[in-house]
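**Student:** fold the following, please.
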Amino acid sequence: MQKLGPMTRRDLLSAAGAATLLMLLRSSAPKTAAAAAFDVTEKAIGELQAAMAAGQISSVDLVHNYLERIAAYDQQGPALNAVLYLNPNAVQMAADLDAERASGRVRGPLHGIPVLLKDNYETYDMPTTGASLALRGAQPAYDAFQVGKLRDAGAVLLGKVNLHELALGLTTHSSLAGQTLNPYDLTRAPGGSSGGSAVAVTANFAAFAMGTDTEGSIRVPSSHNNIVGLRPSAGLSSREGLIPFGHTQDTGGPMAKTVTDIALVLDATVGFDPVDEITVTGRGKSPDTYTSALRADALKSARIGVLNQLFGDAPEDQEVGDVVRRALSEMRAQGAMLVDVAVPDLADRLAASNLLAQELKFYLRDYFQAQTGSFFSTVEGWIDSGLLSTTVEAFFQFVFPIWSQPQNYLSSDDYRNHLTARGALASTLTSLMDDNNLDVLAYPITRRIAPVLGDNQVGSNAGVSAHSGFPAINVPAGFTAGGFPVGMELLGRAFAEPTLLGIAYSFEQATHHRRPPQTTPAPVPPSAPEPSADTGPGSITGTATASGAKAIPPVEVPFAAQIAWSFNEATRQFGYDITVLGNVEDIDGAYLHLRLGPGPRGGVARVLSKTGGQRIVGRNTLSSAEADALKANKLYISLLSAETPLRGARADIEWPGPRGLSHAAR
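**Tutor:** Model (predicted):
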């Protein structure tokens, strides 16, 4: 694992990287008048390809236009915070592909089309960190299988996007980048773990994105962002080069604004890989092109099985259930036959077949150990360091008690029983569809809309696909009365992607429920000023010093900092003004941590700055729980070294007055 130097990494970060690439574009390849008039917003892959074929716009121009949107909306404006890195080679890639086109060679439908990748896909020309400080700066030597296929197809790898740290959650919060916001409601999460991918697509930061799905991580954020997302059949494409969660349930797949775009990307990314033995089962199961299945009248002869047991009966499930039932009525209006069906003991079957967490401890440990120069060799060591998101700490602490597993667990009877239960679930679902002559099953992918920031996602139905290995697609189904998007999941038999895509396409063409968010309009607005620390009336202020005396671990570091902070109890705005002393170039980020135990034990609550600098100024709105932690003296600020996140300076935030705990109490 190669470590990138500080300047290189800063150039790759979203805010600085966008500015750097925009300057490069403007100096080396100014936009033509036609390109300046071309709006990439809501353009499908086919439209972009037609514009390039007609000479209306080039691939370089497309890169430029998407970068303008990233610069306007990712760290400014609504500050969606979806983009982690931008590829410094993106402009050259696009220029080379333009040259190929000019010479008469067009590789296919993805030639010159920009894509953003979830940052758990390995890439040889960009870091692959899983949005975690544990892998900060890690750059593999090779591409993931699907990334290599995209390169071969002529896609332009524009950059990497945020995810729920190492894919361990459904709200897209990470220690490396912080919280990604939902463009449809900036107070809510975008879903996860592929939330950055979903936001990138719906905000038109790229033509499409790639996500991964272990237990809903493609489909849940697709639902919450009004886009299409496909979890392919197990074995249809290789998992090689994906940071593992659990190999049994892991898969990668496309996320896009239209079903047609999903089919085009699927064509480019499926295939046998001798490195991933599961792809043997997918040999010969793909058509020449998945676009051949896209028929506008597919619903006329379709039989849809409705899994009513997955709609939920709590009052909080009502609004999503109503939207999906209306969507089913729209299917009936197009000629589909709706059949109410049920899976006996479904909840018990899903629990018995769940391998979401059982494999994590082993596969993630092996991944850490396989990376040369990795900062951690065990998952436990990573957790104890405090260099992880608070949401991931909560995941391990309260959700999955996996630490009692013996080292030989993957050869145990319990593990084999889970695998057997997965096969039984797949057989039951196949029999259910066969006995009722069904094409697909339909239900909400989640029974609730996205949670407000700081809360957890509840009501997921993602396990039906994840535990059976069957393909499932989320398609936009409509909006709640409050204007939040809702998706409907369609599940098919193993390797029945053509049927699944055909029905999804027919529904999409009949309803057109896709609607872009109002927070990221076109054209892009002028740049907004950077936020400043809030020190106005009503704010409580304090100071702190970060130095080697409270380093992580407690050793000398070549920098220190003076910190002025403020907190407004009415708005929960936490302002910070950090003046760095000493070797500024050694600093590679500032973080607000929540302490959950002695020493550094806890997690990253807020990313204050993704880079260093002489002065770091800004403000964040804390959650109620974080505000309480501030008053209980459980927050601290760290400045981490560019060389290793294990070395840095720390400053405790001391709340003035009697509400703060004493040092002795802590």
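
**Student:** and the nearest residue to Ser468 once chain neighbours are set aside, how many residues sit next to it?
**Tutor:** Closest residue to Ser468 apart from its sequence neighbours, by C-beta to C-beta, 6 or more residues apart in numbering: Ala426 at 4.3 Å. Bear in mind the C-beta positions are built from the backbone N, C-alpha and C, glycine included. Ala426 is flanked by 18 other residues according to other C-beta atoms under 10 Å.

**Student:** and Ala426, that's in a helix?
**Tutor:** Yes - counting by DSSP: H, G, I helix; E, B strand; the rest coil, Ala426 falls inside a helix.

**Student:** residue ranges in this protein under the pLDDT threshold?
**Tutor:** Segments of the chain classed as low confidence (criterion: pLDDT under 70) are 1-32, 34, 373, 397-404, 526-538, 548-555, 597-601, 657-666.

**Student:** picking that back up, wait, the residue nearest to Ser468 touches Ala466, no?
**Tutor:** No - counting by C-beta atoms under 8 Å, Ala426 sits too far from Ala466 to count as a contact (11.5 Å).

**Student:** next secondary structure after the helix or strand hosting Ala629?
**Tutor:** Per DSSP states H and E, Ala629 falls inside helix 624-631. Scanning forward in sequence from helix 624-631 by DSSP H and E, the next helix or strand is strand 635-641.

**Student:** partners of that following strand, with directions?
**Tutor:** strand 587-595 (antiparallel), strand 648-652 (antiparallel) (DSSP bridges).

**Student:** now do the longest one and helix 624-631, the angle between them.
**Tutor:** With axes from the mean of the first three to the mean of the last three C-alpha atoms, to 10 degrees applied, the angle from strand 587-595 to helix 624-631 works out at 90 degrees.

**Student:** mind saving the C-alpha coords of strand 587-595 as PDB?
**Tutor:** The C-alpha trace of strand 587-595 is given here as PDB (Å, rounded to 0.1, in the frame of the first residue of the first chain):
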ATOM      1  CA  ILE A 587      -1.100  18.200   9.400                       C
ATOM      2  CA  ASP A 588      -3.600  16.300   7.300                       C
ATOM      3  CA  GLY A 589      -7.000  17.000   8.900                       C
ATOM      4  CA  ALA A 590      -8.800  18.200  12.000                       C
ATOM      5  CA  TYR A 591     -11.500  16.100  13.700                       C
ATOM      6  CA  LEU A 592     -14.100  16.500  16.500                       C
ATOM      7  CA  HIS A 593     -14.200  13.300  18.500                       C
ATOM      8  CA  LEU A 594     -16.700  11.900  21.000                       C
ATOM      9  CA  ARG A 595     -15.100  10.100  23.900                       C
END
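
**Student:** redo the strands paired with strand 635-641 as TSV? Include mean neighbour count and distance to Arg448.
**Tutor:** Listed next are these as TSV, based on neighbours: other C-beta atoms under 10 Å; distance: least, C-beta to C-beta, whole Å:
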stretch	mean neighbour count	distance to Arg448
strand 587-595	25	25
strand 648-652	24	37
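
**Student:** re the thing from before, buried stuff in the helix holding Ala629?
**Tutor:** Glu626, Ala627, Ala629, Leu630, Lys631 (16 or more other C-beta atoms under 10 Å).

**Student:** give the contact list for Pro444.
**Tutor:** Neighbouring residues of Pro444 by C-beta atoms under 8 Å, 6 or more residues apart in numbering: 223, 310-312, 320-321, 323-324, 459, 461, 486-489.

**Student:** 10 Å - rerun?
**Tutor:** When contacts are counted by C-beta atoms under 10 Å, 6 or more residues apart in numbering, Pro444 touches 223, 307, 310-312, 317, 320-321, 323-325, 327, 459-461, 474, 477, 486-489.

**Student:** mind listing the residues bridging to it?
**Tutor:** Those that pair with Pro444 in a beta bridge, by DSSP bridges, are Met488.

**Student:** likewise for Gly582?
**Tutor:** Phe559.

**Student:** repeat for Val228
**Tutor:** Beta-bridge partners for Val228, by DSSP bridges, are Ala256.

**Student:** include distance to Leu639 when you put the buried residues of helix 624-631 into TSV, please.
**Tutor:** Converted to TSV, those look like this (distance: C-beta to C-beta, whole Å):
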residue	distance to Leu639
Glu626	19
Ala627	23
Ala629	20
Leu630	19
Lys631	23
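
**Student:** closest one to Asn162 out of these, please.
**Tutor:** Glu626 (19.3 Å; C-beta to C-beta).

**Student:** thought Gln573 was touching that closest one, still the case?
**Tutor:** No - Glu626 is beyond contact range of Gln573, at 11.7 Å (criterion: C-beta atoms under 10 Å).

**Student:** okay, and the common contacts of those two?
**Tutor:** Asn620.

**Student:** give me phi/psi at Asn436?
**Tutor:** Main-chain torsions, Asn436, degrees, to the nearest 10: phi -110, psi 10.

**Student:** now do the contacts for it.
**Tutor:** Contacts of Asn436 (C-beta under 10 Å, 6+ apart): Arg303, Gly305, Val339, Asp340, Val341.
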